[in-house]
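Undergrad: What follows is a predicted protein model with its sequence.
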Amino acid sequence: MKKLLLSLMCLCSLGAHADEGMWTLYNLPNAIFEQMKQYGFQLPMDQLYQSDNAVKNAVINFGGYCSGVVVSPDGLVFTNHHCGFECIRSHSTVEHDYMLNGFIAKSYAEELPNEDLFVSFMVEQKDVTDSLNSLGLSSLPVEKVSDFVDSVENAWSKSIRQQDSTLRVEVKPFYEGNKYYLTTYRDFEDVRLVFSVPKSMGKFGGETDNWMWPRQTCDYSVFRIYADPKTNGPAKYSKDNVPYHPKSWAKVSMDGYKPGDFAMIMGYPGSTSRYLSSYGIKERHDAINAPRVQVRGVKQEIMLRHMRADEAVRIKYDSKYANSSNYWKNSIGMNKCIDSIGLIQQKQEFEMRLRQWQEETGYLKGQLDFDKMAELYQKRLALTRVRTLFTETFLAQDQLSARAWKSNWGMKVEGPEDQPKKQYIQFDDNSEEWDEATDKEMLAALLKNYRTQMTNADYLPAFYQTIDKKFHGDYTAYVNALYKKSQLMKNGKPIYVNKKSYQKDMGVQYGLDLTELLAKIGADRKQLSYDIAEQEKWLCAAKLRMEQDLPNYSDANFTMRMTYGQIGEYTLGGRPSGYYTTARSLWEKMQKADDNFEYFAEPVMHELLSAKDYGKYSDPLTGTLQLCFLSNNDITGGNSGSPIFNGKGELLGLAFDGNWDSLASDIFFDRQLARTINVDVRFMLYMMDRWGHADRLLKEIGVQ
Ligand code: ARG
């Protein structure tokens, strides 16, 4: 412990802090656990990961993109509203608009199944670096590593499935590929929607407040895991499945929190780049974030205009818009932070020190080479910008592009094997997912924008010649012709893939041109990317060696992590942020709905929020209903829906966002400013009770 504190005191600004870090649990460093206890964690070590009722057993990966927590003996799950968003949307129609009005299943029978949704429980995790090395990993060139790891993963998967068919294993690189861990999961595929607040509450503040504090968003939705009636294990959807009975689940705390209280979050952070070199940060800034913001800006303006003009379009594009805008705003904020903190320069200074240390020690001499890394990144910068522009412009934005890609990749070809002329593909009517006027306008604008942004003609898809020659540069005319003439847009009709008409089809040609260019971009970046990955791996290894007295965590990679810290505000420009928001502050924002439609809330909310007394949902300390609160935990995208626990492992709420002032935290965790925004479980339960009258669920959770 003493050693840890000492090392912390002499830490450089880019080193790990005690409450920075996304820790894997099975090998949690003792020093970290000691620090957690000092902060107020009260459970023994084995209650985190090992024992039957370990806290981690209630934490799930929700759908492969979010996190969640099991809160009842009947498999009830809390996750964020924005994680359940697409499920809620897909059940919504103009007549039954669950997105707009919320949804309450009054019985098991009313709970709604969701195709393709799954949740995963982590069973265990272990370090397999040595096993992989003994199988030959350490002698492989970097471009062979991923295929090799995949093949070993397949073999291990097979063998574990023979022992237990409900298990799945995954082998992933940690510490930039300096280590490999194997994680075993159990997936459940029958997950049903149980409850959602109206969108006005679940997404209160919308894009205006997204990534911002103070916040009043009631960002949660409720699902239930269903299991095989005989085994209580995973099963494909069947109406005969029954609620899953977990061995343990998270208990809700009604006690609240105060500044300085211990807070722990467990979940599935997706991706961070804390070890990334200064050159990598520059690439992220100039060639990923900036062009992403540019292209999405064009697209979003069009989507929003159409959505606001027509309710049916709004339902169709709700998720698409939210997804796009989420990382549009994040990229803006991240670049702002990178600039204002002077992050690239800070990293450069750190690299100078590392370089000096390397010269003194000779560590990785002849391998880690800063000049080479600079040169490699310099060469890749323009190519990365091309890739971002290309993917943001052409990857499944509009229906025609989506179908053009599909027809090239992975669509099932029907028809007799021995008669090529009769082989065909077919698109079903999916008009509930998209709107023709919106998609056409979007594609025309994107095509035009790509031409303006893309200064290197080598990276223009071949169809730009058609646009120029046949359509005299008129993008709208070209798009109209595509939508009108291409067979890809004819629903329910066989499209014969081996007939001449197929090769001549405008849409098919459009797809081929895109595929060709994507392959070229990939090929042009390939060797550079391998070489850069190798340098980054060595850079990480050198940092770990130079700071070997410090516990170091690996970058996020969609495996389960724990982050611990405390409840508390931050101070910016001398102004304290406050650490919680109240019903009153929500009510006040709602009064501004005329100026900003994202502050609209249903009349019933005005009534509910005028209450003097919130009963058992009030905070014992402040006597009011608290909505959202801040903690200094270290989270990122993918953590959405993660449970936040108090020192006894009880549920305080769900993490759902980060704050604007620390949006560079995926690259650099700023201890002074980085905060997690959580929704208070008492606000969630209050809405369940007073808005939803969902007594059956409250009873199940043990609140009534
Ligand atoms: N920024 C949050 C996240 O990435 C919330 C996103 C959903 N909300 C929104 N207004 N788009 O998890």
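TA: Arrived safely, thanks for sending.
Undergrad: mind pulling up the phi and psi values for Thr571?
TA: phi -120, psi 130 (degrees, to the nearest 10).
Undergrad: What is the neighbour count of the residue lying closest to it once chain neighbours are set aside?
TA: Distances taken as C-beta to C-beta, 6 or more residues apart in numbering place Ser577 nearest to Thr571, at 6.9 Å, with adjacent residues excluded. Quick note: C-beta positions are derived from backbone N, CA and C, even for glycine. Counted with other C-beta atoms under 10 Å, the neighbours of Ser577 add up to 16.
Undergrad: ok, so what distance separates Ser577 from the ligand?
TA: Ser577 is 17 Å from the ligand, where distance means C-beta to the nearest ligand atom, to the nearest Å.
Undergrad: now Met266
TA: In terms of C-beta to the nearest ligand atom, Met266 sits 16 Å off from the ligand.
Undergrad: Note down every partner strand of the helix or strand hosting that residue and its orientation.
TA: Using DSSP states H and E, Met266 maps to strand 262-267. Neighbouring strands of strand 262-267 in its sheet, by DSSP bridges, are strand 561-566 (antiparallel), strand 643-645 (antiparallel).
Undergrad: right, so the ones you listed: which one is the most enclosed?
TA: Among the strands paired with strand 262-267, ranked by average contacts under mean count of other C-beta atoms under 10 Å, first place goes to strand 643-645 (a mean of 29).
Undergrad: Counting neighbours, what do you get for the closest residue to the ligand within the stretch 451-600 of the chain?
TA: At 8.5 Å from the ligand, Glu598 is the closest residue in the stretch 451-600 of the chain, using C-beta to the nearest ligand atom. Per other C-beta under 10 Å, the neighbour tally for Glu598 reads 16.
Undergrad: if we can go back for a sec, could the strands paired with strand 262-267 go into TSV alongside distance to the ligand and mean pLDDT?
TA: Output for the strands paired with strand 262-267, formatted as TSV (distance: least, C-beta to the nearest ligand atom, whole Å; pLDDT from 0 to 100):
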stretch	distance to the ligand	mean pLDDT
strand 561-566	15	97
strand 643-645	14	98
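Undergrad: ok, and the closest non-adjacent residue to Lys299?
TA: Closest to Lys299 by C-beta to C-beta, 6+ apart is Met442, at 5.7 Å.
Undergrad: what does Cys337 give?
TA: Leaving aside its chain neighbours, Cys337 sits nearest to Ala664 (3.5 Å; criterion: C-beta to C-beta, 6+ apart).
Undergrad: Can you tell me which residues in the stretch 501-650 of the chain are near the ligand?
TA: Gly637, Ser640 (C-beta under 6 Å from any ligand atom).
Undergrad: State which one residue of the stretch 501-650 of the chain is found closest to the ligand.
TA: Nearest to the ligand in the stretch 501-650 of the chain, going by C-beta to the nearest ligand atom, is Ser640, at a distance of 3.9 Å.
Undergrad: returning to that earlier point: how much space between the residue nearest to Lys299 and Val479?
TA: Computed as C-beta to C-beta, to the nearest Å, the Met442 to Val479 distance reads 9 Å.
Undergrad: what do you get for Gly362?
TA: 60 Å.
Undergrad: more neighbours, these two?
TA: Neighbours were counted for Gly362 and for Val479 using other C-beta under 10 Å; Val479 has more, 23 against 8.
Undergrad: Report the secondary structure state of the more buried one.
TA: For Val479, the assignment made with DSSP: H, G, I helix; E, B strand; the rest coil gives helix.
Undergrad: What is the neighbour count of the residue of the stretch 1-150 of the chain found nearest the ligand?
TA: Using C-beta to the nearest ligand atom, the closest approach of the stretch 1-150 of the chain to the ligand is made by His82 at 3.7 Å. By other C-beta under 10 Å, the residues close to His82 number 24.
Undergrad: Contact partners for Gln345?
TA: Ser278 (C-beta atoms under 8 Å, 6 or more residues apart in numbering).
Undergrad: Provide the backbone phi and psi angles at it.
TA: Per degrees, to the nearest 10, the backbone of Gln345 is at phi -60, psi -40.
Undergrad: on that earlier part again, pretty sure the residue of the stretch 501-650 of the chain closest to the ligand contacts Ser67?
TA: Yes. With contact defined as C-beta atoms under 8 Å, Ser640 reaches Ser67; the gap is 6.5 Å.
Undergrad: Looking at these two, which is more packed in?
TA: Shown here are Ser640 and Ser67; by other C-beta under 10 Å, Ser67 has more neighbours (30 against 27).
Undergrad: and the host helix or strand of that one, what other elements does it pack with?
TA: Using DSSP H and E, Ser67 sits within strand 66-70. Where contact means 3 or more C-beta pairs under 8 Å, 6 or more residues apart in numbering; DSSP states H and E, strand 66-70 is packed against strand 59-62, strand 76-79, helix 81-90, strand 643-645, strand 651-658.
Undergrad: can you list these in TSV and add distance to Pro44?
TA: Output for the helices and strands packed on strand 66-70, formatted as TSV (distance: least, C-beta to C-beta, whole Å):
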stretch	distance to Pro44
strand 59-62	18
strand 76-79	25
helix 81-90	31
strand 643-645	15
strand 651-658	19
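Undergrad: residue boundaries of the helices in the stretch 301-450 of the chain?
TA: All helices of the stretch 301-450 of the chain, identified by DSSP state H, counting those that start in this stretch, fall at 311-341, 343-361, 370-394, 399-408, 436-453.
Undergrad: Please put the alpha-carbon coordinates of the second one into PDB.
TA: What it means is helix 343-361. Taking Å, rounded to 0.1, in the frame of the first residue of the first chain, the C-alpha atoms of helix 343-361 are listed here in PDB:
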ATOM      1  CA  LEU A 343      -3.100  16.600 -25.000                       C
ATOM      2  CA  ILE A 344      -0.900  16.000 -28.000                       C
ATOM      3  CA  GLN A 345       1.800  18.100 -26.500                       C
ATOM      4  CA  GLN A 346       1.500  16.400 -23.100                       C
ATOM      5  CA  LYS A 347       1.800  13.000 -24.700                       C
ATOM      6  CA  GLN A 348       4.800  14.200 -26.700                       C
ATOM      7  CA  GLU A 349       6.500  15.200 -23.400                       C
ATOM      8  CA  PHE A 350       5.700  11.800 -21.900                       C
ATOM      9  CA  GLU A 351       7.200  10.100 -25.000                       C
ATOM     10  CA  MET A 352      10.400  12.200 -24.600                       C
ATOM     11  CA  ARG A 353      10.800  10.900 -21.100                       C
ATOM     12  CA  LEU A 354      10.100   7.300 -22.300                       C
ATOM     13  CA  ARG A 355      12.600   7.800 -25.100                       C
ATOM     14  CA  GLN A 356      15.200   8.900 -22.600                       C
ATOM     15  CA  TRP A 357      14.400   5.900 -20.400                       C
ATOM     16  CA  GLN A 358      14.700   3.600 -23.400                       C
ATOM     17  CA  GLU A 359      18.100   5.000 -24.200                       C
ATOM     18  CA  GLU A 360      19.300   4.500 -20.600                       C
ATOM     19  CA  THR A 361      17.900   0.900 -20.300                       C
END
